[in-house]
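S.K.: what follows is a protein structure lacking sequence information:
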């Protein structure tokens, strides 16, 4: 129950109340969170479409991954900051929301998927960088990534509706 | 012609009524709208970053734009296909919403710009074009699409 107490004290904090009661700050943070989708998920989509063999086929995989990497990371950092602020505005309600819980688990799964991809098949990318047939493992990683991040977006949007409050 | 009367009629269409009376339909359509947003945002960014001299610099902007074009067009079609039903479900609210009108204005300009000026600039050889015009084209593109997205989000607030 200590987590519950922590969340409640967080919700009573000055920062949480300030965000919740602000007229402009909250919608601006929310808008940043939505628009940063283009940067973070947009770059991820470019990677995944390449891995699935659906776009940028003439560009070596390593170039698509490495050259877009800093932009995707920047997008992810902005997502975490804006998302963290949104969470801070109502931590008790958010953490009890089933969509929020599914979203967090799915982000972890997407992270594991990306980690495994980088530690395995991407390590010998030179062998298939420009190959006509993309290794099944890489293809599956790309398709899984697309699916998992889509679930994250859908859950994020559903979380705002108060069906389960 | 009374524009408000047209919007009232649009709101009374079957699609508008069905979405309004459903608990799930609007949020589900909205989620697909957001997925398509991420897709078109990414496809636009990859080419605009290249025009700015970042991202996949080993390739020409022409090659990137050509390869990503079907996904950009597919994303835009999805945006319209999900945006129109959402609009129909709350047409009268949109009529009185300043962000809605800003969004439609920016969207019309952004769409026209993307498939005329930007398309031609992205297809032009970078050496012949010079870096300045490429950068200017990208900045205008990013600015226009940012305004579409930003005002779109604010329809929910005003």
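M.R.: Noted; the coordinates are in hand. What you see is a predicted model; the values in this text were computed from it and never measured.

S.K.: counting contacts, what elements does the host helix or strand of residue B:84 pack onto?
M.R.: Element membership of residue B:84, judged by DSSP states H and E, is helix B:61-89. Secondary-structure packing of helix B:61-89 (3 or more CB pairs under 8 Å, 6 or more residues apart in numbering or on different chains; DSSP states H and E): helix A:25-51, helix B:3-11, helix B:14-21, helix B:25-52, helix B:119-123. For glycine as for every other residue, the C-beta is placed from the backbone atoms N, C-alpha and C.

S.K.: dump the ones you listed to a markdown table, plus mean neighbour count, mean pLDDT and distance to residue B:155.
M.R.: Putting the helices and strands packed on helix B:61-89 into a markdown table (neighbours: other CB atoms under 10 Å in any protein chain shown; pLDDT from 0 to 100; distance: least, CB to CB, whole Å) gives the following:
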| stretch | mean neighbour count | mean pLDDT | distance to residue B:155 |
| --- | --- | --- | --- |
| helix A:25-51 | 22 | 95 | 11 |
| helix B:3-11 | 13 | 94 | 14 |
| helix B:14-21 | 14 | 94 | 15 |
| helix B:25-52 | 23 | 96 | 11 |
| helix B:119-123 | 18 | 91 | 28 |
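
S.K.: my guess is residue B:131 contacts residue B:50. True?
M.R.: No. Contact criterion CB atoms under 8 Å: residue B:131 and residue B:50 do not qualify, at 11.5 Å.

S.K.: what residues does chain A have near chain B?
M.R.: Within chain A, the residues that sit near chain B (CB under 8 Å from any CB of the partner chain) are A:27, A:30-31, A:34-35, A:37-46, A:49, A:54-59, A:63-64, A:67-68, A:71, A:150, A:153-154, A:157-158, A:161, A:163.

S.K.: if we can go back for a sec, nearest to residue B:102, out of the helices and strands packed on helix B:61-89?
M.R.: For those, the distance to residue B:102 is smallest for helix A:25-51, at 13.4 Å, taking CB to CB.

S.K.: and after the closest one, which helix or strand comes next?
M.R.: Assigned by DSSP H and E, the successor of helix A:25-51 is helix A:61-89.

S.K.: show me what the helix or strand just after that following helix is packed up against.
M.R.: Of the helices and strands lying after helix A:61-89 in sequence (DSSP H and E), the nearest is helix A:91-96. Contacts defined by 3+ CB pairs under 8 Å, 6+ apart place helix A:91-96 against helix A:2-11.

S.K.: so which of the helices and strands packed on helix B:61-89 comes closest to residue B:149?
M.R.: helix A:25-51 (5.0 Å).

S.K.: so the closest one versus helix B:25-52, what angle?
M.R.: With axes from the mean of the first three to the mean of the last three CA atoms, to 10 degrees defining the directions, helix A:25-51 sits at 70 degrees from helix B:25-52.

S.K.: packing partners for helix A:25-51?
M.R.: Using 3+ CB pairs under 8 Å, 6+ apart, helix A:25-51 sits against helix A:14-21, helix A:61-89, helix A:136-159, helix B:25-52, helix B:61-89, helix B:131-154.

S.K.: I'd like the ones you listed laid out as JSON lines, including distance to residue B:103.
M.R.: Listed next are these as JSON lines, based on distance: least, CB to CB, whole Å:
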{"stretch": "helix A:14-21", "distance to residue B:103": "25"}
{"stretch": "helix A:61-89", "distance to residue B:103": "21"}
{"stretch": "helix A:136-159", "distance to residue B:103": "18"}
{"stretch": "helix B:25-52", "distance to residue B:103": "12"}
{"stretch": "helix B:61-89", "distance to residue B:103": "9"}
{"stretch": "helix B:131-154", "distance to residue B:103": "4"}
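
S.K.: lowest average pLDDT across those?
M.R.: Lowest mean pLDDT within the helices and strands packed on helix A:25-51: helix A:14-21, a mean of 89.

S.K.: in that one, what's buried?
M.R.: A:16, A:19 (16 or more other CB atoms under 10 Å in any protein chain shown).

S.K.: counting by contacts, list what that helix packs against.
M.R.: helix A:25-51, helix A:61-89.

S.K.: no further questions, thank you.
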